[in-house]
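Participant: for reference, the sequence and a predicted model appear below.
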Amino acid sequence: MNKKILQLAIPSIISNITVPLLSLVDVAIVGHLGAASYIGAIAVGGMLFNIMYWLFGFLRMGTSGMTSQALGRRDLREVTRILFRSVGVGLLVSLALLLLQYPMREIAFSLLDTTDEVERLAALYFRICIWGAPAVLGLYGFSGWFIGMQNSRFPMFIAITQNIVNIGASLLFVFGFGMKVEGVAMGTLIAQYGGFGMAVCLWSVYYRKRLDVRVGWQEVLDKVAMRRFFRVNGDIFFRTLCLVAVTTFFTSTGARQGDVVLAVNTLLMQLFTLFSYIMDGFAYAGEALAGRYIGARNNQSLDRMIRLLFGWGVGLSFAFTLLYGIGGKDFLSLLTNDRVVIQEAGVYFYWVLAVPFAGFAAFLWDGILIGATATRLMLYSMGIASGTFFLIYFLFFGMMGNHALWMAFLAYLSLRGIVQGVLWRCRNRLS
């Protein structure tokens, strides 16, 4: 069983490491342009796209769980329909985002409290990167489908390709052509379409002939199947609304405290992001295996997989706590040469050391519940954790300032894992 977990997790870890690298490269490039406002602009611009794209993360998560369960039942025709259903919905959503980009941008900046310079640069970043929406949302469907098919290698190949393209294009535009934030945005846009194009090619070469792809749109749009698709994904959508609320509030609260605090929180969150994507590698393994075992009605293998998965989670949490304690501050120095930002980051650094053990269970349970399509449990746990986040922040911010924000964030991470574990056990007792 450990071998199966690692076969799925290791390629996902490699690909997921490259995902934050897309952001880290952007931050590192603008971090050497001489002003904290550039880092703030990338943070705010990236946050706006996280808001949009996270809301439609069900195109990956729901697709993964439903595909792996269909594969466990050996229903290959339904496997194909799920892919078409997910990618089709993703492209329709992206069309709506492109049409509504101006009002979305205006509403977003009216809600954010940033300096005029950060807003100007972030708006420029937004106007360029919004045209990547079809590629991003289309790739969500393909990535979830590949994972559901127990194939985490293809998302790895795609992520590595995107990262290479992003680094090369961004460096060329910024240092070769003298562009600044707009150069970083162009590099990101090109990388997004490169990844989507590669996903289409990989599917065409390796799956088109193996699967029955001659399915009509009437089958894809079957009312019962679409109802289940949106029921499962509706829970994920509202769960993601809570996640977006917490993340948006975290960034905007940092912005209200000035460019330096915003830059500090952005840099420290890169360490959280790095850990989260590595843990997500094991969560993706949980998605694929949980869905397949549930589809095959193999409860014994499911229980064993969950126990082993959490063993890996504890071990990785210990390793990352040690790693951040030894080299975390040196890592921050690679992202920016602004001494004021680096010095201020040291004041809050101990909160980052608590992230691994506070958060690993949340990521693993997310994967298991997605594979089980038990998305309602994810929604309940996220609601409780998010409410606690805001309660702690408003109770302690007056006394602790930015420390209260980090304390509330760690409580939010911990509660997600705890509540999901309790709800899973209650569900199994009742079933």
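Facilitator: Now that the structure is in, tell me what you want to look at.

Participant: following the helix or strand bottoming out on mean pLDDT in the chain, which helix or strand shows up next?
Facilitator: Lowest on mean pLDDT, DSSP states H and E among the helices and strands of the chain sits helix 217-220, with a mean of 66. Moving toward the C-terminus from helix 217-220, the next helix or strand (DSSP states H and E) is helix 223-256.

Participant: burial check on Gly383, number of neighbours?
Facilitator: Neighbouring residues of Gly383 were enumerated by other CB atoms under 10 Å; the total is 15. To be clear about C-beta, it is placed using only N, CA and C from the backbone, and glycine gets the same treatment.

Participant: what of the one 10 residues further on?
Facilitator: The tally of other residues near Tyr393 (other CB under 10 Å) stands at 22.

Participant: contacting residues around it?
Facilitator: 249, 253, 404-405, 408 (CB atoms under 8 Å, 6 or more residues apart in numbering).

Participant: mind redoing it with 10 Å?
Facilitator: 246, 249-250, 253, 400, 404-409, 411-412 (CB atoms under 10 Å, 6 or more residues apart in numbering).

Participant: where does this protein dip in pLDDT?
Facilitator: Along the chain, the parts satisfying pLDDT under 70 run over 19-24, 30-37, 113-114, 116, 212-222, 255-259, 335-338, 340, 344, 430-431.

Participant: okay, and Trp406 sits in which element?
Facilitator: Taking DSSP H and E as the definition, Trp406 sits inside helix 402-430.

Participant: need the three-state assignment for Thr373.
Facilitator: With DSSP: H, G, I helix; E, B strand; the rest coil as the basis, Thr373 sits in coil.

Participant: my error: substitute Tyr277 in the last question.
Facilitator: Taking three-state DSSP, the label given to Tyr277 is helix.

Participant: how near is it to Trp131?
Facilitator: In this view, Tyr277 and Trp131 are 25 Å apart by CB to CB, to the nearest Å.

Participant: higher neighbour count, the two?
Facilitator: When neighbours are counted by other CB under 10 Å, Tyr277 and Trp131 differ, and Tyr277 comes out ahead with 21 against 16.

Participant: count of neighbours near the nearest residue to that one once chain neighbours are set aside?
Facilitator: Excluding its sequence neighbours, the residue lying closest to Tyr277 (CB to CB, 6 or more residues apart in numbering) is Asn16, at 3.6 Å. Close neighbours of Asn16, defined as other CB under 10 Å, add up to 26.

Participant: same question for the one 10 residues further on.
Facilitator: Per other CB under 10 Å, the neighbour tally for Asp26 reads 26.

Participant: next: Phe396.
Facilitator: The number of residues packed near Phe396 is 15, by other CB under 10 Å.

Participant: list the buried residues for the strand or helix carrying it?
Facilitator: Under the criterion of DSSP H and E, Phe396 resides in helix 375-400. Residues of helix 375-400 classed as buried: 375-379, 381-382, 384-386, 388-389, 392-393, 397 (neighbour count, 16 or more other CB atoms under 10 Å).

Participant: for stretch 233-243, same thing?
Facilitator: By neighbour count with 16+ other CB under 10 Å, stretch 233-243 contains the buried residues 233, 235-243.

Participant: what's the helix or strand that contains Thr80 packed up against?
Facilitator: Here Thr80, judged by DSSP H and E, is contained in helix 76-99. Helix 76-99 sits against helix 36-55, helix 58-72, helix 133-148, helix 181-206, helix 217-220, helix 223-256, with contacts defined as 3 or more CB pairs under 10 Å, 6 or more residues apart in numbering; DSSP states H and E.
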